[in-house]
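Q: below is the structure, and that's it, no one-letter string:
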């Protein structure tokens, strides 16, 4: 197994002679194993090893126990050790994040701050990779997401991706090496744990080697994605001049979409899969497509231009990428999004006519979410209806004329999921399996 990891490190150019590698050490089986492996490979790769422990301060005495274990292990191995305490609960509340996301953000912020000029090694393994692929699939990811966790990102390396969790625990048992267990990993309160404890066991009934086969599948998908990215690099470099993509129609659709997404990203403009598909069709047919506010894509003679066209119409299109926290597309009005960890739907009420907030199942949103105003032809399938309703008819029936010009809409990559004063789409309705709720409120700034 050590040879497998060593080969994976070499294949992905993770380490160079003289590197200092900081091991992200939680004290669990995976990170304990990673630290042991790095120590054993020090001489081969000519590296030095340190350890960093992030205390999330979420589990009281248990969190302190984990830090003490890591400190003692590093003392035994003669490894420099650093511990950082993070108040995840306060950060999550302040920034309207789930506990999961707040912990991840604070953890990686600490990694970035402490690892300047060094490498950070995290203990993501083959099981973690499968969980990520399933999560991305459920959320509607494209090829890049289905390729799973990247082996290298910036100065972060993940040497354990080809190794299963069972192999790791068997190795530690054979070495007589203790590790600690995070009690939060044993519950189904977090989305990943539901995948780990419920979905993957069912997949193993179909194929007992599903984790191992996913290692090969993810590797193949990463290779294919890398090839597409290289072709996109070349196409984008050759075709782009300013905000125009010249002769972009000469390329396959998959390259056209990625070039358009890069152009929009460079201009800080939001997009969804549907918008990219529409823009790609525009290249073939010619015409104009609104992207956000007064920004349009204009296609003509195989070229595609991003252009700002001021609109004097009071119903001009407005949009931005939805984010957790405050969002605003209308002057003086704010739409606030909060993520709520919820394992009991009965604690909350879904929206009704007198509600002051709306609740969506956050994990049912597909891909990127865009906040926008009303557009011509809007439709939504409301709960308990087997058909899509015309938004225009619903507005005429339910919204007073003076409020119609500032209604908020949210769309994901499969269509409208929220219409202010009307309701939410049936497919994002919370149910007994919901874990993370998106709470939406609209008010005056």
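A: All right, it came through fine. Computed from a prediction, not measured in an experiment: that's the story for all the values here. Numbers count the residues shown, from 1 in each chain.
Q: tell me which element the closest residue to residue 200 other than its chain neighbours falls in.
A: Distances taken as Cβ to Cβ, 6 or more residues apart in numbering place residue 130 nearest to residue 200, at 6.5 Å, with adjacent residues excluded. Glycine gets a C-beta too; all of them are placed from N, C-alpha and C. Element membership for residue 130 (DSSP states H and E) is helix 126-139.
Q: re the thing from before, how about the residue nearest to residue 200, what does it touch?
A: 148, 200, 210-211, 214 (Cβ atoms under 8 Å, 6 or more residues apart in numbering).
Q: please report how far it lies from residue 212.
A: Per Cβ to Cβ, to the nearest Å, residue 130 is found 10 Å from residue 212.
Q: re earlier: ok, the residue nearest to residue 200 to residue 66 distance?
A: 25 Å.
Q: how many other residues sit next to residue 73?
A: Residues near residue 73, counting by other Cβ atoms under 10 Å, number 23.
Q: what does residue 206 give?
A: 7.
Q: pull the helix or strand with minimum mean pLDDT from the protein.
A: helix 191-194 (a mean of 76; mean pLDDT, DSSP states H and E).
Q: ok, residue 375 - contacts?
A: 317, 409.
Q: quick check: which element contains it?
A: Assigned by DSSP H and E, residue 375 belongs to no helix or strand.
Q: where does this structure have low pLDDT?
A: 96, 183-191, 311-316, 343-356, 445 (pLDDT under 70).
Q: report the contact partners of the residue positioned nearest the centre of it.
A: The centroid of the chain falls nearest to residue 136 when counting by Cα atoms, centre = their mean (7.8 Å). By Cβ under 8 Å, 6+ apart, the residues touching residue 136 are 145-146, 148.
Q: between the residues you listed, which is nearest residue 243?
A: Ranked by distance to residue 243 (Cβ to Cβ), the contacts of residue 136 are led by residue 145 at 27.3 Å.
Q: name the element that closest one belongs to?
A: Using DSSP H and E, residue 145 falls in helix 143-146.
Q: that helix: how far from the chain's middle?
A: Distance of helix 143-146 from the chain centroid (Cα atoms, centre = their mean, to the nearest Å) equals 11 Å.
Q: backbone dihedrals for the closest residue in space to residue 374 that isn't next to it in sequence, please?
A: Distances taken as Cβ to Cβ, 6+ apart put residue 407 closest to residue 374, at 5.6 Å, once the chain neighbours are dropped. When read as degrees, to the nearest 10, the backbone of residue 407 gives phi -80, psi 140.
Q: cool, residue 409 as well?
A: Dihedral angles (degrees, to the nearest 10) for residue 409: phi -130, psi 150.
Q: could you give the bridge partners of it?
A: residue 372, residue 419 (DSSP bridges).
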